[in-house]
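# Okay, predicted coordinates and the sequence, questions at the end:
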2 protein chains.
Amino acid sequence: MSDASSFRLGDLQLRIMRVLWRCGPLGVAEVRERLDGDDLAYTTVATMLRKMEDRGLVGHETLDRRFIYHAAVDERDVTRSMADDLVDRLFEGSLAQAVSHLLQTREVDEDELAELERLIRKRKSKTAHK
Amino acid sequence: MSDASSFRLGDLQLRIMRVLWRCGPLGVAEVRERLDGDDLAYTTVATMLRKMEDRGLVGHETLDRRFIYHAAVDERDVTRSMADDLVDRLFEGSLAQAVSHLLQTREVDEDELAELERLIRKRKSKTAHK
DNA sequence: CATGTTCAACTACCGCGGTAATACTACCGG
DNA sequence: CCGGTAGTATTACCGCGGTAGTTGAACATG
């Protein structure tokens, strides 16, 4: 399970997954109303969910004639996969290059910088006793 | 020029752009032979280039009856746009969260960690006298 | 001049994300 | 029993990335 497949989710798909990850198993209507932004047609969400089920991203059980959908892939797996994908595509797999670019082109406040330093130190200690 | 549009390039498009960015203006055949990996049909590359020209990603001049294509968008703009896009989509815009995730899920050697530390220190000094 | 070569132009097709209308089905209330 | 309501199933359509065959025009060359 959780084969290292490369997930490449579209915008709506990602938003739907987020809803399911955050709010647990939900019916179509519940998913729909929890999607922020533009109000999509009920059938749009239903169709998308079915397509996503075909791809194994979600699953469903029938309860009282309604479909209750749940996420079938792990959030971390998807996130990692998509992030790795981009790092590979844009920065030839170099994490340092990616971070460097982000640091140079984005607004980064001091809190965030401090947080990053903390993360790196933590990571460093972890690598040490390898 | 360089409006802050969100570039979302496909795989082949990105590979083509990289060729044009690295090797300067080129004819279709030159672009094609510089694309690593799978050998695409000549017409595939030509078609893609035309589609990309429609979108303003590249431009061309005619020289000796041949089309010489050149990149019409800046590499940094595209890279930033795509990277920002993903950080927004996956990490709600939080750079720290993004980097944190990358650090936790990827193999990172010590050299890279050191490089990251260096980058952050550099960035810190830059923010200081702002 | 005829012919082959080298392009660009045009056309087509697939898959998929996204969006949705329409059709069907089952249940619920009177 | 019958009509509304809620929900799924079916079908359709657009845009775009990707892939490529076919056509047509111009040029080189014997």
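Alright, I've got the coordinates. Bear in mind the structure is a predicted one, so any value in this text is a computation, not a measurement.
# what's the longest helix in chain A?
When chain A is parsed with DSSP state H, its longest helix is helix A:110-128.
# Now do that one: everything it contacts.
Helix A:110-128 is contacted by residues B:94-96, B:99-100, B:103-104, B:108, B:110, B:113, B:116-117, B:120, B:123-124, B:127 when judged by CB atoms under 8 Å, 6 or more residues apart in numbering or on different chains. C-betas here are computed from N, CA, C, even on glycine.
# Got a ChimeraX select line for the buried ones in those residues?
Listed next is the ChimeraX selection for buried residues among those, using 16 or more other CB atoms under 10 Å in any protein chain shown:
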select /B:95,96,99,100,103,108,113,116,120,123,124
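# Next up, phi/psi of whichever residue of chain A sits closest to DNA strand C, please.
Per CB to the nearest atom of the strand, A:Gly10 is where chain A lies closest to DNA strand C, at 2.1 Å. As for A:Gly10, its main-chain torsions (degrees, to the nearest 10) stand at phi -70, psi 180.
# Does the helix or strand hosting A:Tyr69 reach chain B?
Using DSSP states H and E, A:Tyr69 falls within strand A:66-71. No: for strand A:66-71, no contact with chain B is found by CB under 8 Å from any CB of the partner chain; the gap never falls below 15.3 Å.
# who's in contact with that strand?
If you take CB under 8 Å, 6+ apart as the criterion, strand A:66-71 is touched by A:17, A:20-21, A:24-28, A:31, A:49, A:53, A:57-62.
# who does it pair up with?
Its sheet considered, strand A:66-71 pairs with strand A:26-27 (antiparallel), strand A:58-63 (antiparallel) by DSSP bridges.
# quick one: stretch A:75-92 to chain centroid distance?
10 Å (CA atoms, centre = their mean, to the nearest Å).
# Okay, buried residues for it please.
A:77-84, A:86-87, A:89-91.
# Rebuild those residues as a markdown table, extending it with pLDDT.
Below are these laid out as a markdown table (pLDDT from 0 to 100):
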| residue | pLDDT |
| --- | --- |
| A:Asp77 | 94 |
| A:Val78 | 96 |
| A:Thr79 | 96 |
| A:Arg80 | 94 |
| A:Ser81 | 95 |
| A:Met82 | 96 |
| A:Ala83 | 95 |
| A:Asp84 | 94 |
| A:Leu86 | 94 |
| A:Val87 | 94 |
| A:Arg89 | 94 |
| A:Leu90 | 95 |
| A:Phe91 | 94 |
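# residues touching the closest residue to A:Arg34 other than its chain neighbours, list them.
Closest residue in space to A:Arg34, ignoring its immediate chain neighbours: A:Val19 at 4.7 Å, by CB to CB, 6 or more residues apart in numbering or on different chains. Applying CB under 8 Å, 6+ apart to A:Val19 gives the contacts A:26, A:31, A:34-35.
# 10 Å instead, please
Counting by CB atoms under 10 Å, 6 or more residues apart in numbering or on different chains, A:Val19 makes contact with A:26, A:30-36, A:45, A:69, A:71.
# In strands only, show me these.
Residues from the contacts of A:Val19 lying in strands, with DSSP state E as the criterion: A:26, A:69, A:71.
# Residue of chain A nearest DNA strand D, please.
Here chain A gets closest to DNA strand D at one residue, A:Phe67, 3.1 Å apart by CB to the nearest atom of the strand.
# hmm, back to that, so among the contacts of strand A:66-71, which ones count as buried?
Neighbour counting with 16+ other CB under 10 Å marks A:17, A:20-21, A:25-28, A:31, A:49, A:57-58, A:60 as buried within the contacts of strand A:66-71.
# The helix or strand A:Val87 falls within vs DNA strand C: in contact?
Per DSSP H and E: A:Val87 is located in helix A:75-91. No: residues of helix A:75-91 are not located near DNA strand C by CB under 7 Å from any atom of the strand, the shortest gap being 12.2 Å.
# just the angle between that helix and helix B:75-91, please?
Angle, helix A:75-91 to helix B:75-91, by axes from the mean of the first three to the mean of the last three CA atoms, to 10 degrees: 180 degrees.
# Quick check: residues of chain A near DNA strand D?
In this structure, chain A approaches DNA strand D at residues A:27-29, A:42-43, A:46-47, A:50, A:65-67, judged by CB under 7 Å from any atom of the strand.
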